[in-house]
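Chemist: Quick one: sequence and predicted model below, then my questions.
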Number of protein chains: 2
Amino acid sequence: MGKGTVGGGGTTMLRRINVASVLDAVRRSAPAPLRVAELVERTGLARPTVAQAVDELLDAGWLQQHGPDSADRSLGRPAIRVSLRGRAAPVLGLDVGPHRVTVGVSDLAGRKLSLVRRSGPGWTAQELLGVIGEVINEALAEAEVPAEDIAAVVAASPGIVDEHTGRVQLVPSVPGWSAVDLIKHIRGLLDCPVMLDNDANLAALAIAAARGGTGTLLAVQWGERLGAGIVIDGRLHRGTGAAGEIGFIATDTDDVINPDDSRGPLERAVGSEAIAALGRQAALDNPRSRLAELGGEQLDTADVFAAAAERDPVAQAVVQQVARTFARALAPSVLVLDPTAVVIGGGVARAGAVLLDAISDQLRLLTLNHPKLELSALAEDAVVTGAMRMALDEVWQRKLPTPAMTSTTT
Amino acid sequence: MGKGTVGGGGTTMLRRINVASVLDAVRRSAPAPLRVAELVERTGLARPTVAQAVDELLDAGWLQQHGPDSADRSLGRPAIRVSLRGRAAPVLGLDVGPHRVTVGVSDLAGRKLSLVRRSGPGWTAQELLGVIGEVINEALAEAEVPAEDIAAVVAASPGIVDEHTGRVQLVPSVPGWSAVDLIKHIRGLLDCPVMLDNDANLAALAIAAARGGTGTLLAVQWGERLGAGIVIDGRLHRGTGAAGEIGFIATDTDDVINPDDSRGPLERAVGSEAIAALGRQAALDNPRSRLAELGGEQLDTADVFAAAAERDPVAQAVVQQVARTFARALAPSVLVLDPTAVVIGGGVARAGAVLLDAISDQLRLLTLNHPKLELSALAEDAVVTGAMRMALDEVWQRKLPTPAMTSTTT
DNA sequence: GTATTTACGAACGCTCGCTCCCTATACTGT
DNA sequence: ACAGTATAGGGAGCGAGCGTTCGTAAATAC
């Protein structure tokens, strides 16, 4: 079949479409089991067709049969009910950071089977590879899933990721990391499709999935570094590969990107490190403030927000400045993207309402349609969750024999 | 069939899929006629299947049969060749501006059948409606298409367009325009689906189609007003409805959007009116410059760029300032979207390389991946072309019985 | 214990696409 | 000029799959 053409074929393809249709209907109602009669109604197909498809899917291991529920108080012969057999194709998500490795295993229905996290104080690239292997094995053991069952893996790495080669650019903190072919290494451990993506992208995917539905989402990961993921109607927007790099937005009228610096202007201005520095300076200038009391010598980003929450004017001024800088940097993108929601995650998101309200006030002055501004509910699990989500999508796209139909409006 | 479910059905649906497959193959090769053998190869279907589909499409009027080409120097029985019968479902595109109304009629294959433009010095809303009717009739007559044949209409209006109600907001220059239900009015003239969209969006669609293929395009319309359209892999990005409103990007660190002003900060800073004003001021300050010579009292935007092209340092300084302001405003969006290309159209685009190079230099300092920066090749026809294109897409989506397969990754 | 309700299972007929064969047409070589 | 060959269109038979219909099994209500 010529690539790019509308799919067409004989009756066997029709059968595959209908089997896929049934499987998709079951997936949509997950985790609730479905009766055959319900499948008939939802797919619009005839009962024999559905029955045959269900048999086939049961044989292939995609569905599992439930016994009649004792709570089923209906008349007549009890219906057999089927649901996704999650263990059919579990997936693995991997979040690699300089100080932390997280691995999650999820079943086909999106249920989390295990989640293992390990922290350490700055690994080298080689050490990191070893840790990744260990944590993967732990997560597999906890989920009671044999390694050969894993159907897809998605790994998250900071930095700009080249989709195709699997290389990573612009990575701080981990020496030698950009030379490592992570995809190849994982494929050595698990024999299945492995994909690599930016951590901000994956977090965005997870948040978009949690919010559900359509629309445009701009999900900011705000920690020491600043990145964002864009999800449009459930699909990730990658641009040419480096979309969402808000950390490099200029904040000053004379700012210029320095190619030798792995940090961008906005990161230097409002990254968590910068917020702490601003706080320390403010504390020095106002030694009698609540901020100075709270933080002392080791003043931290969290201290700034804590003091601001306690209405310390000095800390509030710092938060105001940070919020203003951030909002001014983000406003053009909000105007251009016009997203349904802007969600802020990452370490700085722990600041809570203090920061969010300040940003909201600033953003309101600079945009036409004001998107919902929220904090990420997923917190630190966002990236792994997104990785699992993307792996799931990959499996579904591969296994659901969708007859292409990519009628792109060329 | 439940909405949102994967399409499935019986053999008749299979036949429809295959007919659609054949039709799509013909469309893709338009305007070149195709032999049946070629269709067999491209669709992957069997010859009898293709033959039957072709017969059906010929009967339905979607295809037309060509006699054997005299230039056909092949062996054997001459093949019958078929191509799209464009007149089967012509579409109409409409570009409404305060001083100009343009109407284009296109056939199904995307061939332009007619293009009628009428200019006038500032119509009222009521007058405009009358002019629209006249120009539509002229265009239909020139294309020799009866009004009842038109299969879809897309109209472009400046301002922010509400996709659903068809109302227009934020329109300057045409008093009473936002109260008019343009969709309803056109549907009174032509009994077919009518859609309304932002002019920048439609121009972007046309430019993306001309460039072809996939990728992300940011198409800026730069005239008295500033807007942009975003096309991602052939699909328009609308956000919640106001995406691409770059005219409202703040340029100064104290800029704020004034809800009572229909113009945004960037428009006030680098709109064509502003460029002319900067030029006039520069000419006053430097009465002996080439800029002052060229422009005189009635100094125009074009004069500024003309003088700059002649290497007048005064004019060059103005262009530099404009380019710098524009690039600084656009850079965040370029970082976030990471587009394949940025294309500039509209009146200011006539400035040519002088402006483009200056912007390019500035943008290079502020972005990671540097997108291609180009001038629109379509010039003033971009909007109508885009309107026709969108109308075509609508017709194809409606007529091609694609069995949905909207397996959105929910 | 019987009637009723609900769902599963099997047989039949229909539509459609694929394979195979035959016919039609035009160029080419002797 | 005539036969051979290469290419394309047209038609019959086969197989696969879906939809409809009928019969049967299992559980509840009276």
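Modeler: Received, thanks. Numbers count the residues shown, from 1 in each chain, chains lettered A, B, ... in the order given.
Chemist: what's the distance between the residue in chain A sticking out farthest from the centre and residue A:265?
Modeler: Distance from the C-alpha centroid of chain A, by CA atoms, centre = their mean, peaks at residue A:76 (45.5 Å). Separation of residue A:76 from residue A:265 (CB to CB, to the nearest Å) stands at 69 Å. Where you see a C-beta, it was placed from the backbone N, CA and C, and this is true even at glycine.
Chemist: so where do the strands sit in the stretch 101-250 of chain A?
Modeler: A:112-119, A:152-157, A:160-161, A:168-169, A:194-198, A:216-222, A:226-232, A:235-237 (DSSP state E, counting those that start in this stretch).
Chemist: Save these as JSON lines, and put in mean neighbour count and mean pLDDT too.
Modeler: Formatted as JSON lines, the strands of the stretch 101-250 of chain A follow (neighbours: other CB atoms under 10 Å in any protein chain shown; pLDDT from 0 to 100):
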{"stretch": "strand A:112-119", "mean neighbour count": "16", "mean pLDDT": "94"}
{"stretch": "strand A:152-157", "mean neighbour count": "26", "mean pLDDT": "92"}
{"stretch": "strand A:160-161", "mean neighbour count": "24", "mean pLDDT": "72"}
{"stretch": "strand A:168-169", "mean neighbour count": "18", "mean pLDDT": "66"}
{"stretch": "strand A:194-198", "mean neighbour count": "23", "mean pLDDT": "90"}
{"stretch": "strand A:216-222", "mean neighbour count": "28", "mean pLDDT": "96"}
{"stretch": "strand A:226-232", "mean neighbour count": "27", "mean pLDDT": "96"}
{"stretch": "strand A:235-237", "mean neighbour count": "21", "mean pLDDT": "95"}
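Chemist: mind checking the SS state of the residue in chain A that DNA strand C sits nearest to?
Modeler: The nearest approach of chain A to DNA strand C comes at residue A:76, 2.2 Å away (CB to the nearest atom of the strand). For residue A:76, the assignment made with DSSP: H, G, I helix; E, B strand; the rest coil gives coil.
Chemist: in stretch A:248-267, what counts as buried?
Modeler: A:248-251, A:255, A:257, A:262-267 (16 or more other CB atoms under 10 Å in any protein chain shown).
Chemist: Now residue A:327: closest residue in space, sequence neighbours ignored.
Modeler: Excluding its sequence neighbours, the residue lying closest to residue A:327 (CB to CB, 6 or more residues apart in numbering or on different chains) is residue A:362, at 3.4 Å.
Chemist: Next, the contact list for the spatially closest residue to residue A:286 that is not a sequence neighbour, please.
Modeler: Nearest residue to residue A:286, sequence neighbours excluded (CB to CB, 6+ apart): residue A:314, at 4.6 Å. Residue A:314 is in contact with A:282-283, A:285-286, A:289-292, A:307, counting by CB atoms under 8 Å, 6 or more residues apart in numbering or on different chains.
Chemist: related to what we said a few turns ago, now distance to DNA strand D too, for the strands of the stretch 101-250 of chain A, in CSV please.
Modeler: What follows is the strands of the stretch 101-250 of chain A, written out as CSV (distance: least, CB to the nearest atom of the strand, whole Å):
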stretch, distance to DNA strand D
strand A:112-119, 33
strand A:152-157, 27
strand A:160-161, 41
strand A:168-169, 45
strand A:194-198, 32
strand A:216-222, 37
strand A:226-232, 34
strand A:235-237, 29
